[in-house]
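1. need a structure here:
(one chain, ligands or ions: 2)
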Amino acid sequence: MADLIIKNAYILTMDPEAGDIENGVVVVEDGKIKEVGTSTECTAEKVIDAKGSVLMPGLVNTHCHAGMTIFRGYADDMQLQDWLENHIWPAEAKLTDEDIYAGTKLACLEMIRSGTIAFADMYIHENKVAQAVDEAGIRAALSYGMIDFGDKEKADRELEVGSAFVKEWNGKASGRISTMYGPHAPNTCSRDFLIRVKEQAVKDNVKLHIHVLETEAELNYMKENFGMCSIHFLKGIDFWGTDVLAAHCVWLSDGDIKILAEYGVNISHNPNSNMKLASGICPVAKLIDAGANVCLGTDGCASNNNLDMFEEMRSAALLQKVSTMDPTALPARKVLEMATINGAKALGINSGMLKEGYNADMIIVDMNKAHLAPVYDVASHLVYAASGKDVSATIADGKVLMEDGKVLSMNEQEVIDTAIKSSKDLLGRIGN
Ligand SMILES: O=c1[nH]cnc2c1ncn2[C@@H]1O[C@H](CO)[C@@H](O)[C@H]1O
Ligand SMILES: [Zn+2]
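-> Numbers count the residues shown, from 1 in each chain. Ligands and ions are numbered 1, 2, ... in the order given. Next comes the predicted model:
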């Protein structure tokens, strides 16, 4: 007997061979998809009738600082440099293990509610992030965010923490957690440090997660200090590869785009954060045309201010259209690919498609809503009309984490209350 059957769904498989299945069924066994089709001979312990709903791969958030949900709405409407240096970093210095745990629990709850089944994270107290992810039941590629600012001793300490984390958590939570190295950015990490980190990542056979060219200030800094932009600089130290997840990539020349595509770098586009901090617009359409793997992220909750990947999909599409003055740029299906297949590829997980043998990481979207009627094109609705609040069920690794809008893997009220309490204690410590 199988573990789970979902029937009567409109299935958006995201599998180019299978396409959409109008009245379909998916069978799950041992955390994997056993069958996708129009009918099945199988029986299962649990059957979900998804009539009137869409069943699709769960979304993958490729750039997040999950613990930062504790800072949702803490410092808005500021210049990025001012925001980070004068508000976020001083507050982060006061964060405790408990705050990060509470913030990440809240992030996982929000992700489960809004249909995200995996995320890439870079933050501090990352052990606590891992613990929260383990308990919540979703997947994550986690990294400790390292900054050395050219200080050799700090570099040693940071690499030690990052390395210990990589080794302790890689493959944990029944394989739901993988680890990465997280050098923060080319303008906050020294050249020597970036070289060391890359070497260590190759040695440990794990990926790297880094912010790249989020701001024009970074571009200017790199040109002044190294006579070249971050893309050429990182090429010069053999940093680029398919093992790299580069967040933002806003300030790119056409030559940079070629390099990123050529090296198979995974690029996390984070449109809402880029708009809120007025960082600029990542040339997503050009990157995709060049053959690069572009995926989608929310960034942290202090610069978004939520983790809803449906909103991110909509913003991504709209932003490309207005920035290129071309309404055909980044159509709905392409955006869905970014949030599913491309994201899964960036994290190195066998998800992002509903296909035999793939991870049973999927969501049910309730289409029986005023703002989703009538339906001509499901993909269009998912990108342009739906929101995370329309997700009724979330399944990761074959486990039902939310069903009929009820979260099963954690006590929702307790998670919210604990995060609020943490934020109040934190404010007391910061002295605001
Ligand atoms: O948009 C951003 N740009 C640069 N840094 C950021 C952004 N959002 C969060 N962080 C910072 O990255 C570090 C990760 O460990 C944290 O200090 C976090 O505040
Ligand atoms: Zn970030």
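2. contacts and neighbour counts: CA atoms only from here.
-> Will do.
3. is it true that Val400 lies in a strand?
-> Yes - under DSSP: H, G, I helix; E, B strand; the rest coil, Val400 falls within a strand.
4. surely it meets Lys406?
-> No - in terms of C-alpha atoms under 8 Å, Val400 does not count as a neighbour of Lys406; the distance is 10.3 Å.
5. what helices and strands are in contact with the lowest-mean-pLDDT helix or strand in the chain?
-> Every helix and strand in the chain was compared by mean pLDDT, DSSP states H and E; the lowest is helix 80-82, with a mean of 92. For helix 80-82, there is no helix or strand it packs on, judged by 3 or more C-alpha pairs under 8 Å, 6 or more residues apart in numbering; DSSP states H and E.
6. now it, how far from the centre of its chain.
-> Put simply, helix 80-82 sits 23 Å off its chain's centre (C-alpha atoms, centre = their mean, to the nearest Å).
7. could you point out the helix or strand that follows it?
-> helix 89-92 (DSSP states H and E).
8. off-centre distance for that next one?
-> 23 Å.
9. then that helix to PDB, C-alphas only?
-> Taking Å, rounded to 0.1, in the frame of the first residue of the first chain, the C-alpha atoms of helix 89-92 are listed here in PDB:
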ATOM      1  CA  TRP A  89      23.800  44.700  12.100                       C
ATOM      2  CA  PRO A  90      23.700  46.400  15.500                       C
ATOM      3  CA  ALA A  91      20.400  44.600  16.200                       C
ATOM      4  CA  GLU A  92      21.900  41.300  15.000                       C
END
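10. who are the packing partners of it?
-> Using 3+ C-alpha pairs under 8 Å, 6+ apart: helix 89-92 touches no other helix or strand.
11. neighbours of the closest residue to ligand 1 within the stretch 151-300 of the chain, how many?
-> Nearest residue of the stretch 151-300 of the chain to ligand 1: Gly300, at 5.5 Å (C-alpha to the nearest ligand atom). Residues near Gly300, counting by other C-alpha atoms under 10 Å, number 26.
12. which residues touch the nearest residue to it once chain neighbours are set aside?
-> Spatial nearest neighbour of Gly300, chain neighbours left out: His65 (4.5 Å); criterion: C-alpha to C-alpha, 6 or more residues apart in numbering. By C-alpha atoms under 8 Å, 6 or more residues apart in numbering, the contact set of His65 is Asp121, Met122, Tyr123, Asp299, Gly300, Cys301.
13. how near is the closest residue in space to Lys399 that isn't next to it in sequence to ligand 1?
-> Distance criterion C-alpha to C-alpha, 6+ apart; nearest residue to Lys399, sequence neighbours excluded, is Gly31 at 7.1 Å. Distance of Gly31 to ligand 1, given as C-alpha to the nearest ligand atom, to the nearest Å: 31 Å.
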